[in-house]
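**Student:** structure of the sequence below:
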Amino acid sequence: MAAAPSQSSSPPQHSPAASNKWIIAVAVMLATIMEVLDTTIANVALLHIRGSLSAGVDEAAWVLTSYIVANAIVIPLTGWAGAYFGRKRFFTFSILLFVGSSLMAGAAPNLPTLIVCRVLQGLGGGAMMPMSQAILMETFPPQEQAVAMSVWGLGMMLGPVLGPMLGGWITDNYSWRWIFYINVPIGLLAAAMVITFVHDPTYVRRGIKRIDWWGLCYLVIGVTCIQVMLDKGERLDWFNSETINILTLVGSIGVLLFIIQELRTAEPIVDLRVLNNRTFAVGTLFTTVIMFAMYGTYVLIPLYCQQIAGYTPLLAGFVLSIQSFGTLASIMVAGRLFNLVDARILVSLGCLIGGYGTWDMAHFNPQIDFWNIALPGLYRGIGSGLIFIPMTTLSLGAVSKEEMGTASGLFNMVRTIGGSIGIAILVAMLSSHSQMHQTYLTEQVDPFTFGIWRHSFPAAAGQFEGITRHGGAPLLGMVYQEVQKQAQVMAFVDDFRLIAYIFFFLTPLAFVMRKQKSTGGPAAAH
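**Tutor:** Residues are numbered from 1 along each chain as shown. As a prediction, this is how the structure comes out:
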């Protein structure tokens, strides 16, 4: 296990960083919000981008994929890059790279140029999230770290909610190009504040002598192939596609070689030895699995509202925002309770509440009203906030400050990959289970089994009886549409039930982590 950090690792109480800690929090939060916002803001503008640049659907989808892939590559490199170039310098460069590429993306004359700009955006934005997290953990004393993570979490949670709504409003009223231009003033303000108020701690500069080129190559190949595989898998019919099989094989080999290389080299580009810390290792694994569930509902709820309930995108956004209000409220509560209650209890309670809310979603039906969709999401959101802040603070607070950059990069990498895997699996399940349920239901729609159909799905049975009484053979298409809808509902229910099981399964696992130590001294490492 890692040794406890020395007193010298803690920031002096009267240092510039300590005296300006809330200004620093605002600076890094601006960068975080800007980066997370750009992950989702382009989604709703994709059709407009495609039409404006005369691109096909698959070609335009690379506007989203290129950003995600570049993000995933640079996140684990953050600790090494901060040590090699200096954290303040690298953080400022990342913000300015993001701002410059945003400006170029807004002015892009064609799709290839836009994709290149999105790659540069992803490279700049991916580094900002773990660096902002590490800076906050180092700037605030141990007893205030949970509150600092609450502030950071606000930016994390606001981005996915505001992104689609803001992107839709800008695209409808102005142009899709302005979804990139708005990053310029925010980014310049964040960069100016970082230059003025953020200072590198002495232990960040490790005097790295060489670059681990092999490790870097393996990382780029492995992460790129896996992210593209997850993003394109559903569109290409997963492992029935030769492309997906090749991406999976190459990605798996790349990741395996990367792990072997990093454990052998003296100066790894990602120091995997930080996983020797039990609390951090458990927290990292826990986060990977929990992000599967968290990201899943952010994708499934808007789909259900629009495909089943017939809501407009704006109304579906309101449903999702209620879930996010629960998350925001519980984030603030968790930050206050962290030093008063065993953090593992907060995490377990969050899993129970999140599981209850998602289990309630497994009882959705086509006739459900707005609040019966929104309230289970509110519970799920409350559970997420109670999980997110204690788990992040426990995990990163357990490592020494010298390892903070590497630990934060790894922690955010698994969060990203866990979310990507969750979305890919849940969307694939939604498609395959819908077909499976449709096949079963179609077998039940005939005069001999109509009693079963009437008992199971009274709304659909009423439509079917009206059609058959009037002899409307052409209207049998209505029956088929109803069968499709019911099959989709059952597929959504399967997904929600799986997410609930994940929450319930993780409830006791939080106690494998070590309890947080007294806040009177520096954060402990074990």
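**Student:** remind me, longest helix of the protein?
**Tutor:** Secondary structure of the chain per DSSP state H: the longest helix is helix 404-444.
**Student:** packing partners for it?
**Tutor:** Applying 3 or more Cβ pairs under 8 Å, 6 or more residues apart in numbering; DSSP states H and E, we find helix 404-444 packed against helix 57-74, helix 78-85, helix 111-139, helix 213-232, helix 278-307, helix 370-397, helix 450-456, helix 476-506. C-betas here are computed from N, CA, C, even on glycine.
**Student:** avg pLDDT for that helix?
**Tutor:** Taken as a whole, helix 404-444 carries a mean pLDDT of 77.
**Student:** quick check: angle from that helix to helix 78-85?
**Tutor:** Interaxial angle, helix 404-444 versus helix 78-85 (axes from the mean of the first three to the mean of the last three Cα atoms, to 10 degrees): 150 degrees.
**Student:** next, the angle from helix 404-444 to helix 476-506.
**Tutor:** 140 degrees.
**Student:** give me the distance between helix 404-444 and the centre of its chain.
**Tutor:** 12 Å (Cα atoms, centre = their mean, to the nearest Å).
**Student:** rewinding a little: lowest average pLDDT across the helices and strands packed on helix 404-444?
**Tutor:** Mean pLDDT values for the helices and strands packed on helix 404-444 show the minimum at helix 450-456, a mean of 51.
**Student:** count of neighbours near Phe411?
**Tutor:** 26 (other Cβ atoms under 10 Å).
**Student:** isn't it up against Thr287?
**Tutor:** Yes - the criterion here is Cβ atoms under 8 Å, and Phe411 meets it with Thr287 at 6.5 Å.
**Student:** any common contacting residues for these two?
**Tutor:** Counting by Cβ atoms under 8 Å, 6 or more residues apart in numbering, the shared contacts of Phe411 and Thr287 are 392, 395.
**Student:** residues contacting Pro185?
**Tutor:** For Pro185, the contact set (Cβ under 8 Å, 6+ apart) is empty.
**Student:** report the inter-axis angle for the one helix or strand it maps to versus helix 111-139.
**Tutor:** Assigned by DSSP states H and E, Pro185 belongs to helix 183-197. Helix 183-197 and helix 111-139 are oriented at 30 degrees to each other (the same axes, to 10 degrees).
**Student:** alpha carbons only: can I get helix 183-197 in CSV?
**Tutor:** The C-alpha coordinates for helix 183-197 follow below in CSV (Å, rounded to 0.1, in the frame of the first residue of the first chain):
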residue,chain,number,x,y,z
ASN,A,183,-16.7,28.6,-26.1
VAL,A,184,-14.4,31.5,-27.0
PRO,A,185,-15.3,34.1,-24.3
ILE,A,186,-15.8,31.4,-21.6
GLY,A,187,-12.5,29.8,-22.4
LEU,A,188,-10.6,33.1,-22.5
LEU,A,189,-12.0,34.1,-19.1
ALA,A,190,-11.0,30.6,-17.7
ALA,A,191,-7.5,30.9,-19.1
ALA,A,192,-7.0,34.4,-17.7
MET,A,193,-8.1,33.2,-14.3
VAL,A,194,-5.9,30.1,-14.4
ILE,A,195,-2.8,32.2,-15.4
THR,A,196,-3.5,34.7,-12.6
PHE,A,197,-4.4,32.5,-9.7
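**Student:** and stretch 333-349, how far from the chain's centre?
**Tutor:** When C-alpha coordinates are averaged (Cα atoms, centre = their mean), stretch 333-349 and its chain have centres 22 Å apart.
**Student:** mind listing what's buried in that stretch?
**Tutor:** 334-335, 337-339, 343-344, 346-349 (16 or more other Cβ atoms under 10 Å).
**Student:** which residues does it contact?
**Tutor:** Contacts with stretch 333-349, where a contact means Cβ under 8 Å, 6+ apart, come from 143, 146-147, 149-151, 286, 350, 383, 385-391, 393-394, 507-508, 510-511, 513, 515-516, 519.
**Student:** please repeat the previous calculation with a cut-off of 6 Å.
**Tutor:** Under the criterion Cβ atoms under 6 Å, 6 or more residues apart in numbering, residues 143, 146-147, 150, 385-387, 389-391, 394, 507, 510-511, 515-516, 519 lie in contact with stretch 333-349.
**Student:** again with stretch 67-75
**Tutor:** With Cβ under 6 Å, 6+ apart as the criterion, stretch 67-75 contacts 118-119, 121-123, 126-127, 130, 220, 223-224, 227, 409, 412-413, 416.
**Student:** and the residues you listed, which two are furthest apart?
**Tutor:** Comparing all pairs in the contacts of stretch 67-75 by Cβ to Cβ, the longest separation belongs to Arg118 and Gly409, at 21.2 Å.
**Student:** tell me the SS of Ala108?
**Tutor:** At Ala108 the chain is in coil, as set by DSSP: H, G, I helix; E, B strand; the rest coil.
**Student:** element containing the closest residue to Tyr501 other than its chain neighbours, please.
**Tutor:** Spatially, and ignoring its direct neighbours in sequence, Tyr501 is nearest to Gly355 (7.9 Å; Cβ to Cβ, 6 or more residues apart in numbering). Gly355 is part of helix 343-361, with elements assigned from DSSP H and E.
**Student:** doesn't Ile387 make contact with Met294?
**Tutor:** No - Met294 lies out of contact with Ile387 (Cβ atoms under 6 Å); the separation is 8.2 Å.
**Student:** those two: which is more packed in?
**Tutor:** More neighbours surround Ile387 than the other of Met294 and Ile387, with 29 against 26 (other Cβ under 10 Å).
**Student:** so who does the residue nearest to that one when sequence neighbours are not counted touch?
**Tutor:** In this structure, Ile387 finds its nearest non-sequential neighbour in Gly350, 3.7 Å apart by Cβ to Cβ, 6+ apart. By Cβ under 6 Å, 6+ apart, the contact list for Gly350 reads 383, 386-387.
**Student:** hmm, 7 Å instead?
**Tutor:** With contacts defined as Cβ atoms under 7 Å, 6 or more residues apart in numbering, Gly350 is in contact with 383-384, 386-387.
**Student:** can you tell me how far it is from Phe388?
**Tutor:** In this view, Gly350 and Phe388 are 8 Å apart by Cβ to Cβ, to the nearest Å.
**Student:** now Trp152
**Tutor:** From Trp152 to Phe388 the distance is 10 Å (Cβ to Cβ).
**Student:** now swap in Met436 and tell me
**Tutor:** In this view, Met436 and Phe388 are 34 Å apart by Cβ to Cβ.
**Student:** and Met332, by the same measure?
**Tutor:** Shown here: Met332 relative to Phe388, a distance of 12 Å by Cβ to Cβ.
**Student:** neighbour count for those two, which is higher?
**Tutor:** It is Phe388, of Met332 and Phe388, that has more neighbours when counted by other Cβ under 10 Å, with 27 against 16.
**Student:** for burial, what's the neighbour tally of the residue lying closest to the more buried one once chain neighbours are set aside?
**Tutor:** Spatial nearest neighbour of Phe388, excluding adjacent residues (Cβ to Cβ, 6+ apart): Gly153 at 5.7 Å. Gly153 has 26 neighbouring residues, counting by other Cβ under 10 Å.
**Student:** just the one 10 residues further on next, same as before
**Tutor:** Each residue near Gly163 was counted by other Cβ under 10 Å, and the total is 22.
**Student:** hang on, it packs against Ile33?
**Tutor:** No - using Cβ atoms under 7 Å, Gly163 makes no contact with Ile33, being 9.9 Å away.
**Student:** contact partners for the closest residue to Leu506 other than its chain neighbours?
**Tutor:** Spatial nearest neighbour of Leu506, excluding adjacent residues (Cβ to Cβ, 6+ apart): Cys351 at 5.1 Å. Under the criterion of Cβ under 7 Å, 6+ apart, the contact partners of Cys351 comprise 383, 387, 503-504, 506-507.
**Student:** and Cys351, how far is that from Val184?
**Tutor:** Cys351 is 40 Å from Val184, by Cβ to Cβ.
**Student:** now do Ile322
**Tutor:** For Ile322 relative to Val184 (Cβ to Cβ), the value is 32 Å.
**Student:** how about His48?
**Tutor:** Distance of His48 to Val184, computed by Cβ to Cβ: 20 Å.
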